Every structure is written in structure tokens, then in C-alpha cells.
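can you look at this prediction? I've put the sequence above it.
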Amino acid sequence: PYGMLYREVKNLVSLGIITEEKKGKITLLSANMDLPYFAELRGLMIKTAGLGDAMRDALSGFAGIRYALIYGSFASGEETERSDVDLLTVGDIDEEDLLKALSGVEKDVGREVNYILWSVEEFMKRAREGHHLLADVSRKPVLMLDGDEDEFRRTIEKEDYTEN
């Protein structure tokens, strides 16, 4: 197993996906943040092997979710070690059950999850009114956990948010 891992790491280094730096007898590995597609790789990792997986697992038991997405600093790649996770959930689900599910995620990932829960009707009303959060989300990246991102964006972009 070690030999296979070593070969894969060397492949990633040769492709420029990760960088290696020697400090004495220790080799430090890190993601190459200068890659032109680093943001996409980072988003893929969050969605499949980190925060996104934990959130998706926590939300998987809720049948009434229309959309669930991470927005803010995590979605845009600007998070710091103190950043919380911003979650927008749209659907007809019980808020206490959502809170219980998210508390497990907070423990697992070591981050506070700030959530907004809107019913489908509330969401549609806010989209029609040009709600400031939706205006902001319409212009920035999101990490979609549940629902169709294209449909979500079409819904919130029906309004012209330039004046709000």
C-alpha cells in the first residue's frame, strides 16, 4: 500500500497538482493553489470528500428538500480557519430535525453551521421580491448539495437585483 501511495503522490507532483517541499528529512505536500483550475478541484473535493459529503449525508434523510446549498466564504474559496459554514435550505422540513442533523456535522467538521430554512413558498416569494441574500447568491459561486443548480439559478435570476 505504501508503494502505491508513494507512486500516486509522485504522479500528482509531476502533474503539478500538488507541490512538495523538503524540510530536512521531512517532505511537506500541499495543493498547488496556482493551478488555473484549483477552484474547481477544491470545489470537487469539498463536494465529494469533505464538508460537502458530511452535509449531504446529514441532509439525505429529508425528503422535502427542494434545494440545499452552501454559499459564502466556503463556496467562494475564501474561508479561513474561523469561518463558519453558510447553508441555505429550501423545502418543507422540520426545523428541529434539521438542527439535530446539522449539530452532528458541526462536530464532525469542527465548524459552526449557520443555516437559513425557507419553505418553498417563502423562497419563491423572496425570489420575486429580490431578497438581498438571493441577489448576493445569484452573483457568486455556491456548492449545491441537493436540487438542480440550474433551476435554482433560473428561479433567483428572474428578477433584476441591480436596484436592491
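Structure's in. What do you need?

now do the helices in the chain.
Counting by DSSP state H, one finds helices in the chain at the ranges 2-14, 38-49, 51-59, 73-76, 95-109, 120-129, 132-138, 149-156.

can you redo these as TSV with mean neighbour count, distance to D84 and mean pLDDT?
For the C-beta atoms, the positions are set from N, CA and C on the backbone; glycine is no exception. Converted to TSV, the helices of the chain look like this (neighbours: other CB atoms under 10 Å; distance: least, CB to CB, whole Å; pLDDT from 0 to 100):
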stretch	mean neighbour count	distance to D84	mean pLDDT
helix 2-14	11	31	89
helix 38-49	14	15	69
helix 51-59	20	11	87
helix 73-76	19	8	86
helix 95-109	14	9	90
helix 120-129	15	22	95
helix 132-138	17	15	92
helix 149-156	15	22	93
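
now these as CSV including distance to S83?
Below are the helices of the chain laid out as CSV (distance: least, CB to CB, whole Å):
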stretch, distance to S83
helix 2-14, 26
helix 38-49, 13
helix 51-59, 11
helix 73-76, 5
helix 95-109, 11
helix 120-129, 24
helix 132-138, 16
helix 149-156, 22
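
and of those, who's closest to R66?
Among the helices of the chain, the nearest to R66 by CB to CB is helix 120-129 (5.4 Å).

E79 and L102, how far apart?
Distance of E79 to L102, computed by CB to CB, to the nearest Å: 17 Å.

chain neighbours aside, what residue packs nearest to the residue positioned nearest the centre of the chain?
Nearest to the mean C-alpha position of the chain, counting by CA atoms, centre = their mean, stands L143 at 3.8 Å. Leaving aside its sequence neighbours, L143 sits nearest to I70 (CB to CB, 6 or more residues apart in numbering; 4.1 Å).
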